[in-house]
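Asker: predicted model and sequence below, questions to follow.
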Amino acid sequence: MKLHDIRTLIKSLPIVLAVGLYLVFKPDAADTADVKMEYAVTQTGNELYEVTYGEVINGDTVNVIVDGQSQPVRLLMIDTPNAPQPYAEEAKERVEQLLSEAKKIQLLHDVGAQQDEDGRLLAYVFVDGVSLQEHLLKEGYATVRDVTVPNNTFEKQFESIEKQAKQAKLNIWSIDGYVDETDGFQEDVMN
């Protein structure tokens with residue numbers, strides 16, 4: 001080994017060490033979640049139950065397998081764009097990625113109705129300990145909407161998460177006027 005190679009190796013050692021330490025000690029996503037699973041269970045008074053990934057319908061509706069049966073689930077308190085609206089495909093792809101790569105998927109109902117008028121389960125979906133709603137809000141693929149009392153236990157937390165994505169102008173928030181708090185997604189601002 002040449003002297004130059006040894007110097008390069010010595011200079012690189014702190015970087016390699018830092019990356020190694022980060023990989024060993026990096027925080028688990030569930031540890032940094034705004035809505036912790038244990039807190040969610042305590043606040044709703046309901047139990048989590050494990051399901052299997054089925055398919056993604058869109059960014060806020062998925063099919064899961066519950067007791068061997070396919071069951072549609074509408075994610076509580078969020079709304080994502082629907083095709084062909086901007087960011088609809090990205091939101092759907094992100095949900096597919098999170099669910100297909102998950103080690104464990106669990107549902108948690110809130111304190112109100114457990115199904116909507118279309119027979120879909122109304123739930124918080126936890127992917128490896130982090131709510132799917134939180135992922136989508138943090139990444140700017142969803143907005144807080146369709147809030148129905150008493151199924152609104154985490155409304156303040158979700159609004160806080162949404163505010164951060166909005167301030168950072170992430171995805172749906174990158175288009176001024178695209179998200180209207182009462183009327184949904186405004187495709188006409190694209191023209």
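Answerer: Thanks, I have the structure now. Numbers count the residues shown, from 1 in each chain.
Asker: residues contacting the spatially most central residue of the chain?
Answerer: Geometric centre of the chain, nearest residue: residue 135, 2.4 Å, by CA atoms, centre = their mean. Residues near residue 135 by CB atoms under 8 Å, 6 or more residues apart in numbering: 94, 98, 127. Heads up, the C-betas are built off the backbone N, CA and C, glycines and all.
Asker: likewise residue 116?
Answerer: Residues counted as contacts of residue 116 (CB under 8 Å, 6+ apart) are 74, 122.
Asker: what does residue 75 give?
Answerer: Each residue near residue 75 by CB under 8 Å, 6+ apart is listed here: 60, 61, 62, 123, 124, 125, 132, 133, 136.
Asker: surely the fourth one meets residue 109?
Answerer: Yes. Residue 123 sits in contact with residue 109 when judged by CB atoms under 8 Å, with a separation of 5.4 Å.
Asker: look at the two and report which has more neighbours.
Answerer: residue 123 (28 against 20; other CB atoms under 10 Å).
Asker: and that one, which of the three is it?
Answerer: strand (DSSP: H, G, I helix; E, B strand; the rest coil).
Asker: which one is it nearest to, not counting chain neighbours?
Answerer: Spatially, and ignoring its direct neighbours in sequence, residue 123 is nearest to residue 107 (4.2 Å; CB to CB, 6 or more residues apart in numbering).
Asker: ok now the longest strand along the chain, how far from the chain's centre?
Answerer: As assigned by DSSP state E, the longest strand anywhere in the chain is strand 49-58. Mean-position distance between strand 49-58 and its chain equals 14 Å (CA atoms, centre = their mean, to the nearest Å).
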